[in-house]
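# Just need the structure, nothing else, for what follows:
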Amino acid sequence: MKPARIERAALVEAARAAGPDAPTLCGEWTVRELLAHLVLRESRLDAAPGILLKPLAGYTERVQAGIAARSFERLLSEVASGPPRLSPYRFFDEQANLAEYFVHCEDIRRAKSGWSPRHLDPGVEKGLRAALARLARLTLRGAPLRISLTTEHGTVVTAGRGNPVTVIGAPGEITMWAFGRDDALVTFEGRDADIDLLTKVTRSL
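Numbers count the residues shown, from 1 in each chain. Predicted structure coming up:
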């Protein structure tokens, strides 16, 4: 099974185990609302731009609320089945969805105390390193620091400008951190003042 499909299945399993009303790391979204976001993203291309573009966010929120009103089992099924036949996500599943589904799976798992990191499939870890190399320059584009994301195999990507700092961890943990999640098992290297500044950096697309 390809890495994006592995993480899609893991997310569905985590969502089913947590239940529709469980919290997530996505602000005030419940599991139900997170699933609705994923369905909208892949199947409602008319509403998806509002995920990133604030002037269109109102319409996106209304469409997402309508999707969230569906039964929990239907939402699970829609996410599990993957992008609709004519969705562009069907053709770029690995590039567009691996990091998305990994992070949102962990958003569900890590919203509950006592979580521990999963043992990831080697293909998933390799894919996350590739995703970091593409996406971290976007999530960290406003950083006033030169940030290196580093695993035991070496530096994956360096982004931002300024004094150097290093974020160290497993690929999944660095991915969580680079996508704005503080519930990540990473360590930092650099000057104390720069590390303190690093904790205040906005990390998002």
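
# Let me know the helix or strand that the residue most central in space within the chain is in.
Nearest to the geometric centre of the chain sits residue 103, at 3.1 Å (CA atoms, centre = their mean). Secondary structure from DSSP states H and E places residue 103 in helix 93-109.

# Same check on residue 79?
helix 72-81.

# which helices and strands sit right next to that helix?
Identification of packing neighbours for helix 72-81 by 3 or more CB pairs under 8 Å, 6 or more residues apart in numbering; DSSP states H and E yields helix 3-18, helix 31-43. For every residue, glycine as well, the C-beta is placed using N, CA and C.

# now do 10 Å
helix 3-18, helix 31-43, helix 57-68 (3 or more CB pairs under 10 Å, 6 or more residues apart in numbering; DSSP states H and E).

# Pull the residues that contact it.
5, 8-9, 11-13, 15-16, 19-21, 31-39, 42-43, 67-71, 84, 101, 104 (CB atoms under 10 Å, 6 or more residues apart in numbering).

# ok so, going back, can you pull the contacts of the nearest residue to the residue nearest to the centre of the chain once chain neighbours are set aside?
Excluding the flanking residues, the one nearest residue 103 by CB to CB, 6 or more residues apart in numbering is residue 179, at 5.0 Å. By CB under 10 Å, 6+ apart, the residues touching residue 179 are 25, 99-100, 102-104, 106-107, 131-132, 135-136, 139, 203-205.

# what do you get for residue 190?
Residue 190 makes contacts with 145, 146, 147, 148, 163, 164, 165, 166, 167, 196, 197, 198, as judged by CB under 10 Å, 6+ apart.
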